[in-house]
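[1] Just a sequence and a predicted model for now, questions to come.
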Amino acid sequence: MEVLHTAIAIVLAIGLIIVVKVDPVISLIISSLYLGLAAGVGFADTVTAITFGFGDIMAKVGLLIGFGVAIGALLHSLGAFRMLVRALLRVVGPRRLPYALTAALSTIFPSIYVDVQVVLAAPLARTSAPHVGRNGLALLSGAIGAGIFAGYVFVVPGLAAVSIASLLDVKLGEYLVYGIFLGPITAIATTLLFAVLLRTRYWNPRTDEEPEAIEDVDAVTNDDAAVQAADDLDSGLPLGVLLLPILVPLVLIAFGAVADVRGFSTPLIGFLGNATVALFIGLLGAYTLSRWKSGRDRTDEALSGGFRTTGEILLITGIGGSLGEVISATGMDQTLAGLFSADAGAPVVVTILLAWFIAAVLHLAIGSVSVAAIAAAGIIAPVVGSTGVAPVAIGLAIASGAMFALQVNSNFFWMFKSLLNLTTQGALKTMTMVTSIASLVSLPPVIVLALVL
């Protein structure tokens, strides 16, 4: 019966979010309460599972998410992203810009929240589109979508990446070692395939692009005080210096993971390679740069905005952990263990496909990459140890599935459509298509990884 009640709880959460338009936090709490009570966990134990699950995931990812978002907010206020895209345009030229942009989005800027990334990248896409070639706006739009979400799910400290790794008890350094390669490879391969598709009659500017902008994105961003300040500060610091708060933590985490695997780790290496310490070092760097160039008031304003965003993210992340803990309390882990058995090569593939499928279905239904990833990881986490498959491979499979087909039930979809001056059909042909391609492109490498590890 726990399988039936779990299915009902998931459908209930999806229905509340999509049909009734209830906030995901409230929807997931209601679903967790239903599941615990209906499955016989009991009143007191259901509440205990919800609170313990929330606290457990917060202990694992609370500081990481907070530090990551704060770094992104500070670098945003310093204009780091704008400097990067301008540098890419100068170095690679318009023709190669889509590939350089998607690579940068998937590796350097996962700490900046996806909404901010698309706001900053959209003006570049619109102004550069005529120089990129035939269907330039479509190609740049697809490159932006692929890069943002490949980084979001595969590259630490992307929210989905951090949440998946923590829920599955995968060391962030281990996840980063594989994700830092899988993210950009997925983004670039997706952009290349999408470029091939655009050479057909797939794209029709008359029906897929708006005849005129709904709003002038450049004017909107220029009216924003923080973004205007970023423009003013673009020439204040070299781009390499501005990127250090992101690059240094990634190097520390990756080096710590390699040292651990190779057997030459020391207490100091382990300390500096700890994800919390590494990201805090990055935060100190970003804060120092911001205080130096922007002053205390502007720095405090950027941090406050980042912390507000962090609160919303932590709530939904924590409630995802609550649902996973309630599922575990029902005994569902023993039932799912039979589905996720992997004693030979073929079952390994089945396990990876099942993890991918669960995340993909949740994303199609809910419309949020992060909620789908967190919910899928929460469902699968109790049985990871019994599958015989490396937890990092299962985590990457969940990440891959959680990207699948971002579409009209996502708030990001409509923001993407408006900022890039696309019709609804055009947004479906770009964002929905590239996230579907990225999800499918990333799956075979994950399967190979699962078979090797």
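    All right, it came through fine.

[2] in what helix or strand does the residue minimising distance to the centre of the chain lie?
    Nearest to the mean C-alpha position of the chain, counting by Cα atoms, centre = their mean, stands Y152 at 2.3 Å. Using DSSP states H and E, Y152 sits within helix 136-154.

[3] And that helix, what does it pack against?
    Applying 3 or more Cβ pairs under 8 Å, 6 or more residues apart in numbering; DSSP states H and E, we find helix 136-154 packed against helix 80-107, helix 114-132, helix 159-167, helix 172-198, helix 369-380, helix 391-402, helix 411-419, helix 433-452. In short, each C-beta sits where N, CA and C put it, glycine included.

[4] could you give the mean pLDDT of stretch 389-402?
    For stretch 389-402, mean pLDDT rounds to 96.

[5] Same question for stretch 256-263.
    The pLDDT scores in stretch 256-263 average 80.

[6] Next, the buried residues of that stretch.
    Going by neighbour count (16 or more other Cβ atoms under 10 Å), the buried part of stretch 256-263 is G256, A257, V258, A259, D260.

[7] Return the alpha-carbon coordinates of it using CSV.
    Written as CSV, here are the backbone C-alpha positions of stretch 256-263 (Å, rounded to 0.1, in the frame of the first residue of the first chain):
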residue,chain,number,x,y,z
GLY,A,256,40.3,17.9,-2.5
ALA,A,257,38.3,15.2,-4.3
VAL,A,258,41.3,14.2,-6.4
ALA,A,259,43.6,14.1,-3.4
ASP,A,260,41.2,12.0,-1.5
VAL,A,261,40.9,9.5,-4.4
ARG,A,262,44.6,9.4,-5.1
GLY,A,263,45.5,9.0,-1.5
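
[8] residues in contact with the residue nearest to the centre of the chain?
    Y152 makes contacts with P110, V114, G158, L159, A160, A161, V369, S370, as judged by Cβ atoms under 8 Å, 6 or more residues apart in numbering.

[9] Give me the below-cutoff pLDDT ranges for the stretch 51-200 of the chain.
    The stretch 51-200 of the chain contains residues with pLDDT under 70 at 111-113, 116, 120, 123.

[10] hmm, try it at 90
    Residues of the stretch 51-200 of the chain meeting the criterion pLDDT under 90: 53-54, 56-73, 75-96, 104, 108-134, 156-159, 162-163, 166-167, 172-173.

[11] Please name the residues that touch G53.
    Residues in contact with G53, defined by Cβ under 8 Å, 6+ apart, are G318, G321, S322, L323, G324, E325, V326, G378.

[12] Of the residues you listed, which belong to helices?
    Under the assignment DSSP state H, the contacts of G53 contribute G318, G321, S322, L323, G324, E325, V326, G378 to helices.

[13] And these, which two are furthest apart?
    The span of the ones in helices among the contacts of G53, defined through Cβ to Cβ, is set by G318 and V326 at 13.0 Å.

[14] When these two are compared, which one has more neighbours?
    More neighbours surround V326 than the other of G318 and V326, with 31 against 22 (other Cβ atoms under 10 Å).

[15] The more buried one contacts A38, doesn't it?
    No. At 10.5 Å, V326 does not count as touching A38 under the criterion of Cβ atoms under 8 Å.

[16] still on that earlier bit, ok, the contacts of Y152 vs A100, which is closest?
    P110 (16.6 Å).

[17] Give me the neighbour count for the closest one.
    P110 is flanked by 33 other residues according to other Cβ under 10 Å.

[18] isn't there a strand covering it?
    No. P110 is assigned coil when assessed by DSSP: H, G, I helix; E, B strand; the rest coil, not a strand.

[19] P445 against G179, yeah?
    No. If you go by Cβ under 8 Å, P445 and G179 don't touch, sitting 11.1 Å apart.
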